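# 3D, please:
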Amino acid sequence: QVQLVESGGGLVQAGGSLRLSCAASGQIFRTRVMGWFRQAPGKEREFVAALIFPYRGGSGYYADSVKGRFTISRDNAKNTVYLQMNNLKPEDTAVYYCAAAQGDVYNDAGKYDYWGQGTQVTVSS
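You can find the predicted model right below:
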C-alpha cells in the first residue's frame, strides 16, 4: 500500500501562486507514476500533471490548460512530489488530488491505484 497526503491548498487571488505538496509513504517502490488531478464542482476529475519514474528529472507531463504555468517536481529524499502553480486563474479552482500508479499511463485517473484526500484550491477574480 501507498499512502499520500496533500497539503498547501488555500485561497489566492488571480495571478497569484501556490505550491501543493504530496508526501508519500509505504511501498513507494511499487509506483511508476506520480500525478496530480483536480475536480471542480459538477465536473469530472481531470489530469493536471505527472512524473514517470525512475525519476531522471525533466519537465514532466502537463495538461494543455496548465502548461507553462504549473510545474511538477519531486524531492527524492523527502518522498514528496510538488505542484508549483503560478499565474493562477479562477478556472483553476478545484479540489486537487495527488495520485500514484503502478503502471505507466499518466493521464487517465482510472489507471491510478492510490489517491490522497485532496486539498482545496480557490482562485478569486
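
# Next up, the contacts around residue 91.
Residues in contact with residue 91, defined by C-beta atoms under 8 Å, 6 or more residues apart in numbering, are 65, 123. The C-beta positions use only the backbone N, C-alpha and C, and glycine is treated the same way.

# Where does it sit: helix, strand or coil?
Of the three states, residue 91 takes helix according to DSSP: H, G, I helix; E, B strand; the rest coil.

# same question, residue 68
Residue 68 is classified as coil under three-state DSSP.

# how near is it to residue 21?
Relative to residue 21, residue 68 is positioned 21 Å away (C-beta to C-beta, to the nearest Å).

# the more surrounded of the two?
Using other C-beta atoms under 10 Å as the criterion, residue 68 and residue 21 rank with residue 21 on top: 17 against 9.

# quick one: low-confidence parts of the protein?
54-59 (pLDDT under 70).

# Which residue lies nearest the spatial centre of it?
residue 36 (2.2 Å; C-alpha atoms, centre = their mean).

# Could you find the closest non-adjacent residue to that residue?
residue 48 (4.3 Å; C-beta to C-beta, 6 or more residues apart in numbering).

# Quick check: that neighbour is in a strand.
Yes - assignment of residue 48 by three-state DSSP places it within a strand.

# what's the neighbour count on it?
24.
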